[in-house]
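Visitor: generate coordinates for the sequence data below:
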Amino acid sequence: LPSSPPLALRETLEGGVVVAGLSEHTVSSPEDVERLLARGTLCRATAATNMNAQSSRSHAVCSLTLEIGYDRSGGGEEEEEDSEAVERIGKLTLVDLAGSERAKRTGAKGDRLKEGISINRGLLALGNVISVLAEAAQQQTSDPAAPVPTPHVPYRDSKLTRLLQTSLGGS
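Guide: Take a look at the predicted model:
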């Protein structure tokens, strides 16, 4: 958003992308997750336009990393030395995109117009990434034996697509 400081993206040592300065929280129940989502919603930028009394002016991304540990030995405490702790990790990314609205219809001017342009630019970049990925998948399934060139996927065209790269299928 023009009125907010720009988000700085940083690459992790593992090759992922994170937003600098954001926090990570350990949760142990669905209620913990709900509380954090509600807290994040309060930080979300919204504003009135001619089309919507409370229009989202920013995207929201919540990444949940699920780590589950269990004992494969099936024994009790006396077998603790022989037990095999197994950890399964999964990642779930929840995304709530700001609405795409035509500037002419919203009556947006000044900062609100700049916000709309920024939102539309990010949504266009996301659409382009999804199109390239879908086209590549279509080519692979149409003739599995034929060599398929690796397409350029424009993840770096926006911060949104860069942040969602691993969730969208990019490494």
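Visitor: helices or strands up against the longest helix seen in the chain?
Guide: In the chain, assigned by DSSP state H, the helix with the most residues is helix 111-142. Counting contacts by 3 or more CB pairs under 8 Å, 6 or more residues apart in numbering; DSSP states H and E, helix 111-142 packs against helix 103-106, helix 159-163, helix 165-168. (C-beta placed from N, C-alpha, C; glycine too.)
Visitor: in that helix, which residues are buried?
Guide: Buried residues in helix 111-142, counted by 16 or more other CB atoms under 10 Å: 112, 115-116, 118-120, 122-123, 125-126, 128-129, 136.
Visitor: average pLDDT across it?
Guide: Across helix 111-142, pLDDT averages out at 88.
Visitor: make residue 1 into 818 and carry on from there
Guide: Sure, I'll start counting at 818 from here, so that last one is helix 928-959.
Visitor: quick check: L909 touching L881?
Guide: Yes: if you go by CB atoms under 8 Å, L909 and L881 touch, sitting 4.5 Å apart.
Visitor: of these two, which one has the most company?
Guide: Between L909 and L881, L881 has the larger neighbour count (other CB atoms under 10 Å), namely 13 against 10.
Visitor: distance check, A837 against E848.
Guide: 29 Å (CB to CB, to the nearest Å).
Visitor: with P964 instead?
Guide: To E848, P964 is 51 Å away according to CB to CB.
Visitor: find the residue closest to N945 in space, skipping its chain neighbours.
Guide: Leaving aside its sequence neighbours, N945 sits nearest to P971 (CB to CB, 6 or more residues apart in numbering; 5.7 Å).
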